[in-house]
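J.: Got a sequence here, can you model it:
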Amino acid sequence: MQTTKLKTNELIDVALHWAVAKCQGLQIYKDAILAGQVKEGWWISGLSIDPNDWRPLSTFNPSANWAQGGPIIEREKIAVAYEPSLIYDDSCRWKALAAMSDNGREYGPTPLVAAMRCYVASKLGDEIDIPDDVCQLGSS
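T.: Modelled structure (predicted):
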C-alpha cells in the first residue's frame, strides 16, 4: 500500500479521521471481507462493543461531530481556546493543547479540527504516513 507523509498540522477531513482512528487503536481495513462478501472502500471496527460491527470510515467524523470528538477531548484532557492573533490566518484561529504531551499543540479552523490534530500529534508525532487512497477521498 502506497502512503504519503503528511504533517499533522495539515490533516483535515478523511485523513484526519483515519489518523484519529489509528490513535484510538480501531481496526481499519480497505476492501474488508464482511459476512463473506468483499465490501469496497475503507471500513472501521471498534466503535462499539460488538466486534462484528463494521462501519464505513465515512461514518467516523471526530473532527466534525462533537458526539465523537468530544469524548476524546475530555478523555485526553485537551484544552481548546479561540486565539485572535494576526499571526494565523482565518483558517487556523483555534488552538488546542494536550495536557499530557510535549508534542500536543495544534491549530485549526474549528475547535474539533484543532483538538483532533492535537490528539494525533500527541500520539503519532508531527508527521504521519497516510494511505494514498485515504488522501484521495477528499472531504467527508
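J.: what does the helix or strand of the chain with the lowest mean pLDDT rub up against?
T.: One helix or strand of the chain scores below all others by mean pLDDT, DSSP states H and E: strand 27-34, with a mean of 85. The contact list for strand 27-34 (Cβ atoms under 8 Å, 6 or more residues apart in numbering) reads 1, 18, 21-22, 38-46, 54, 57, 131, 133. The way it works is simple: take the backbone N, C-alpha and C, and place the C-beta from them, glycine included.
J.: again with stretch 64-78
T.: With Cβ under 8 Å, 6+ apart as the criterion, stretch 64-78 contacts 20, 24, 60-63, 80, 96-100, 104, 110, 112, 115-116, 118-119, 122, 140.
J.: Buried subset of these as a ChimeraX selection?
T.: The following ChimeraX line selects those of the contacts of stretch 64-78 that are buried, judged by 16 or more other Cβ atoms under 10 Å:
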select :20,24,60,61,62,63,80,96,97,98,104,112,115,116,118,119,122,140
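J.: so how many other residues sit close to the closest residue to residue 23 other than its chain neighbours?
T.: Spatial nearest neighbour of residue 23, chain neighbours left out: residue 123 (4.2 Å); criterion: Cβ to Cβ, 6 or more residues apart in numbering. When neighbours are counted by other Cβ atoms under 10 Å, residue 123 registers 20.
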